[in-house]
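Trainee: sequence? don't have it. structure:
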């Protein structure tokens, strides 16, 4: 499989998939691709989007200079990593939010992007299959884990509630059922205390 550009052909000769094992369900894998066995691009990402899998190009977070020492800190840093001065956080408009990150390498034609997308997604699915895993399996495992966590939380809550009930039970036995008799209960406790003191 290759990409034709005029008289030249550019081919992805290798796509290494590094599956991501984390609670983050959107980021599925990191990818390293090699063009013509001579040029490598690392840190592409396979991401689960609203319309399915897509490939994100390697990028870096933009930096802004400190007004005091001119050290370049990543955008939205609260303090300068060099001099420790407090920084004014730049507020971006919604449409400019993506400008915080810039692609390190990316295709400049739709044909090239589609080619990379196709090769990488196919390599990703092949990697999953070689490990006996499918997207459905991953989804089921995540759902099962969430269910177990939920059940454990409910069980723990029930155990805690039961323990509290057991601690309260002996106390409740000594309290009159009719709250109107609470005065008589206190008086009787005082009398018993006085009698015990006299016996001693």
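Mentor: Thanks, I have the structure now. It should be emphasised that the depicted structure is a prediction, and the values quoted were computed from it without experimental measurement. Residues are numbered from 1 along each chain as shown.

Trainee: Figure out the helix or strand that the nearest residue to residue 105 once chain neighbours are set aside lives in.
Mentor: The shortest distance from residue 105 to any non-neighbouring residue, by CB to CB, 6 or more residues apart in numbering, is to residue 41 (5.3 Å). (C-beta placed from N, C-alpha, C; glycine too.) Per DSSP states H and E, residue 41 falls inside strand 39-49.

Trainee: Domain-wise, how is this structure divided?
Mentor: Taking automatic domain parsing as the reference, the chain has its domains at 1-58+108-132, 60-103, 149-199.

Trainee: Compute the mean per-residue pLDDT across the second one, please.
Mentor: What that stands for is domain 60-103. When the per-residue pLDDT values of domain 60-103 are averaged, the result is 79.

Trainee: Figure out the length between the terminal residues of stretch 60-77.
Mentor: The separation between the terminal residues of stretch 60-77, taken as CA to CA, to the nearest Å, is 15 Å.

Trainee: list the buried ones in that stretch?
Mentor: When burial is assessed from 16 or more other CB atoms under 10 Å, stretch 60-77 yields the following buried residues: 64, 66, 73, 77.

Trainee: now do stretch 30-42
Mentor: 30-31, 33-35, 41.

Trainee: And the helix or strand residue 18 falls within, what does it pack against?
Mentor: Under the assignment given by DSSP H and E, the secondary-structure element containing residue 18 is strand 12-19. Helices and strands in packing contact with strand 12-19 are listed as strand 27-35, helix 110-130; criterion 3 or more CB pairs under 8 Å, 6 or more residues apart in numbering; DSSP states H and E.

Trainee: Give the other helices and strands that the last one contacts.
Mentor: Right, the one you point to is helix 110-130. Contact partners of helix 110-130 among helices and strands, from 3+ CB pairs under 8 Å, 6+ apart: strand 3-5, strand 12-19, strand 27-35, strand 39-49, strand 52-56.

Trainee: Heading C-terminal from the last one, find the next helix or strand.
Mentor: Proceeding C-terminally, strand 52-56 gives way to strand 59-61 as the next helix or strand, assigned by DSSP H and E.
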